[in-house]
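# Here is my input, please return the structure:
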Amino acid sequence: MSKYKVSIRYSSSFLETVISKNLLEVISNEVDFILKVFRSSSELVSVIESPVIKGQLKISIIDEIFKDKINDETLNFLKFVIKKGRENYLLNILEKYLDLKDEHLGIVNVNVKTAYEFDDEQSKALELNLEKKLNKRVRLNYSIDDTILGGFIAKIGDTMHDASIKHQLELLQKKFIEGRVTLN
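Now for the predicted structure:
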């Protein structure tokens, strides 16, 4: 079974359980925490994904790291994934869970590249504009890219909206080359 199918199957099942037990916010915060722990330790990822290390030892390690820090529901889910031999997909499952949770709440993640850091007014204006266009709440994730000169590039899923000065100059150059722009 493909990585995508496994991730969807486990994460959607976990999300349904979490929603039915009214633990969405608590568990989502814990999943964020777990992902941060894994991302900060490549050794932990290597141990959990290792085919040489037995599942019971992996469960003991997960138990030792997280037992007093997360809800039993979350801890049991991590153990379940390992017992089923799907620990290679664990990070993908947790990331997919967060994606499905956002989808359930009607939130869209938008990656925004800017030439400089937007102030609060600019961020709020962009957020309101995107929420109006998408008819959903948006979560803006900013990164700085000084090669775009000014403006911004917003990536929503597979769609990109390029409102950068660099892009506008490239379009203008193309029009000049094609002879479609005349100067008065």
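# rest of the way, CA atoms for contacts and neighbours
Noted.
# counting contacts, what elements does the longest helix seen in the chain pack onto?
For the chain, the helix reaching the highest residue count under DSSP state H is reported as helix 3-20. Contacts defined by 3 or more CA pairs under 8 Å, 6 or more residues apart in numbering; DSSP states H and E place helix 3-20 against helix 24-39, helix 90-105.
# Relative to D145, which of the ones you listed is closest?
Closest approach to D145 among the helices and strands packed on helix 3-20 (CA to CA): helix 24-39, 23.7 Å.
# who's in contact with that closest one?
Under the contact criterion CA atoms under 8 Å, 6 or more residues apart in numbering, helix 24-39 has outside partners 15, 18, 44-45, 70-71, 74, 91, 94-95, 98, 101.
# let's go with 7 Å and repeat that
Here helix 24-39 makes contact (CA atoms under 7 Å, 6 or more residues apart in numbering) with 18, 44-45, 70, 74, 91, 94, 98.
# circling back: would you mind giving the helices and strands packed on helix 3-20 as CSV with mean neighbour count and mean pLDDT added?
Conversion of those to CSV gives the following (neighbours: other CA atoms under 10 Å; pLDDT from 0 to 100):
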stretch, mean neighbour count, mean pLDDT
helix 24-39, 15, 96
helix 90-105, 18, 94
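# Serialize those to JSON lines and add fields for distance to I65.
Converted to JSON lines, the helices and strands packed on helix 3-20 look like this (distance: least, CA to CA, whole Å):
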{"stretch": "helix 24-39", "distance to I65": "9"}
{"stretch": "helix 90-105", "distance to I65": "15"}
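# G157 is nearest to which of those helices?
helix 90-105 (11.2 Å).
# packing partners for that closest one?
Judged by 3 or more CA pairs under 7 Å, 6 or more residues apart in numbering; DSSP states H and E, the packing partners of helix 90-105 are helix 3-20, helix 24-39.
# I'd like to know which of those is closest to V112.
That would be helix 24-39 among these, by CA to CA, at 21.0 Å.
# relative orientation of that closest one and helix 90-105 in degrees?
Counting by axes from the mean of the first three to the mean of the last three CA atoms, to 10 degrees, helix 24-39 lies at 150 degrees to helix 90-105.
# pLDDT averaged over whichever helix or strand comes after helix 24-39 - what is it?
Following helix 24-39 in sequence order, the next helix or strand is helix 42-49 (DSSP states H and E). For helix 42-49, mean pLDDT rounds to 94.
# As JSON lines, the helices and strands packed on helix 90-105 with distance to I165 would be great.
Formatted as JSON lines, these follow (distance: least, CA to CA, whole Å):
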{"stretch": "helix 3-20", "distance to I165": "37"}
{"stretch": "helix 24-39", "distance to I165": "35"}
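# Counting neighbours, show which residues of the helix-or-strand element of the chain with minimal mean pLDDT come out buried.
Ranked by mean pLDDT, DSSP states H and E, the helix or strand of the chain with the weakest confidence is helix 165-178, at a mean of 83. By neighbour count with 16 or more other CA atoms under 10 Å, helix 165-178 contains the buried residues 165-167.
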